[in-house]
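Asker: Here's a sequence, model it:
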Amino acid sequence: MKQTINNTKLIILAVTVFFTSGFLTHASAGSKPQNLIELKLADSIKGHPVFRLKIANAEENQFYIKVEDAEGTILFNEVLKGKDISRRYLMNLDAPDLNNIRIEITNLKTRETEAYNIKRNTSVVENLVVSRL
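Answerer: Take a look at the predicted model:
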């Protein structure tokens, strides 16, 4: 009886290892080192948004950063070089024509581009509270 239980456990373990190792090999077979680019709203200074750009790259690369409005006019551009880059950008969105901004980050080595759109949505929220006296 003990031998049957041990054999069953061994078979279950072998099947689990077989399927798990096959899945892990398949999942990692096509993976390559990639740049993880993240753009987030980090803060607000005097009502102006501050965005944080983080580029977590495995090796030192050059990146071209371009900020443009809806018409394609370039508002700001720069080239960043390094490994694990972090930058903060203060955006002055008070002008009425700056409701839609596009930020493009291009890896100059691989020519891969990631783009982000920043749109301002303004809404008025009114809460009405009824309380018992």
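Asker: Sketch out the low-pLDDT regions of this protein for me.
Answerer: Scanning the chain for pLDDT under 70 picks out 1-35, 95-98.
Asker: ok, and the closest non-adjacent residue to the most centrally placed residue in the chain?
Answerer: Central residue of the chain (C-alpha atoms, centre = their mean): Glu38, 3.3 Å from the mean position. Spatial nearest neighbour of Glu38, excluding adjacent residues (C-beta to C-beta, 6 or more residues apart in numbering): Lys54 at 4.6 Å. All C-beta atoms are positioned from the backbone trio N, CA, C, and that covers glycine.
Asker: same question, Asp94
Answerer: His48 is the one closest to Asp94 (C-beta to C-beta, 6+ apart), at 7.7 Å.
Asker: Could you pull up the contacting residues of that neighbour?
Answerer: Leu90, Met91, Asn92, Leu93, Asp94 (C-beta atoms under 8 Å, 6 or more residues apart in numbering).
Asker: So what does the second one have for phi and psi?
Answerer: Main-chain dihedrals, Met91, degrees, to the nearest 10: phi -110, psi 120.
Asker: residue contacts, the closest residue in space to it that isn't next to it in sequence?
Answerer: Closest residue to Met91 apart from its sequence neighbours, by C-beta to C-beta, 6+ apart: Pro49 at 5.2 Å. Going by C-beta under 8 Å, 6+ apart, Pro49 touches Leu41, Asp43, Leu90, Met91, Leu93.
Asker: 7 Å instead, please
Answerer: Leu41, Met91, Leu93 (C-beta atoms under 7 Å, 6 or more residues apart in numbering).
Asker: Phe51 now?
Answerer: Phe51 sits in contact with Leu39, Lys40, Leu41, Ala42, Tyr89, Met91, where contact means C-beta under 7 Å, 6+ apart.
Asker: Turn those residues into TSV, including distance to Glu126.
Answerer: Shown next, in TSV, are the contacts of Phe51 (distance: C-beta to C-beta, whole Å):
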residue	distance to Glu126
Leu39	32
Lys40	29
Leu41	24
Ala42	29
Tyr89	33
Met91	28
